[in-house]
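Visitor: Fold the following for me, if possible:
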Amino acid sequence: MRSARYVTCGMCGRWRPHNARGLCSTCRKRARAAGTLDDWPPLRRLSAEVAEDVEWLTGCPAEEITTRIGMTPSAIARALRRAGRPDLARAFDRLACAEQWARTKAAREAS
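Guide: This is a model prediction of the structure:
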């Protein structure tokens, strides 16, 4: 099981484990019971939305697409696979590997 990521809850402002939508579990339950959960949009973009944006930006370099979408190459690749577009994910996998290799190389040269 993953350890919880802590965030400042968007509703109560307390530093608590993140549940969903930027809320702690208590505030999420309150919002759901009050019928106001839709006031707190999901923090993650839907995979289909990412796939649609990537398809629309086809022809641009992968580096430019990551900048425009505002996601890391590996996050885009995961979203594309979830959306059933592994053909589009390959370019972002390559970019993620190249970035990881550059970080590893820089760390080795620094030590």
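
Visitor: Show me how far the top helix by length along the chain is from its chain's centre.
Guide: Criterion DSSP state H: the longest helix present in the chain is helix 86-110. Between the centre of helix 86-110 and the centre of its chain there are 17 Å (C-alpha atoms, centre = their mean, to the nearest Å).

Visitor: for the record, mean pLDDT for it?
Guide: Mean pLDDT, helix 86-110: 89.

Visitor: Next, the closest residue to residue 19 other than its chain neighbours: phi, psi?
Guide: In space, and not counting its chain neighbours, residue 19 is closest to residue 25: 4.1 Å by C-beta to C-beta, 6 or more residues apart in numbering. C-betas here are computed from N, CA, C, even on glycine. Residue 25 adopts backbone torsions of phi -70, psi -40, taken as degrees, to the nearest 10.

Visitor: Residue 25 reaches residue 14, doesn't it?
Guide: No - using C-beta atoms under 8 Å, residue 25 is not in contact with residue 14, being 11.5 Å away.

Visitor: Residue ranges in this protein under the pLDDT threshold?
Guide: The chain contains residues with pLDDT under 70 at 1-4.

Visitor: Where does the record place the domain boundaries for it?
Guide: The chain is divided into the following domains under automatic domain parsing: 6-39, 47-110.

Visitor: Kindly reformat these as a markdown table containing mean neighbour count.
Guide: A markdown table is the format used below for these (neighbours: other C-beta atoms under 10 Å):
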| stretch | mean neighbour count |
| --- | --- |
| domain 6-39 | 15 |
| domain 47-110 | 15 |
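
Visitor: And the strands in the protein?
Guide: Taking DSSP state E, the strands of the chain run over residues 6-8, 15-17.

Visitor: what's the first-to-last distance across stretch 10-25?
Guide: With C-alpha to C-alpha, to the nearest Å as the measure, stretch 10-25 spans 11 Å from end to end.

Visitor: got a list of contacts for that stretch?
Guide: With contact meaning C-beta atoms under 8 Å, 6 or more residues apart in numbering, stretch 10-25 is reached by 4-9, 26-28, 30-31, 37, 40-43.
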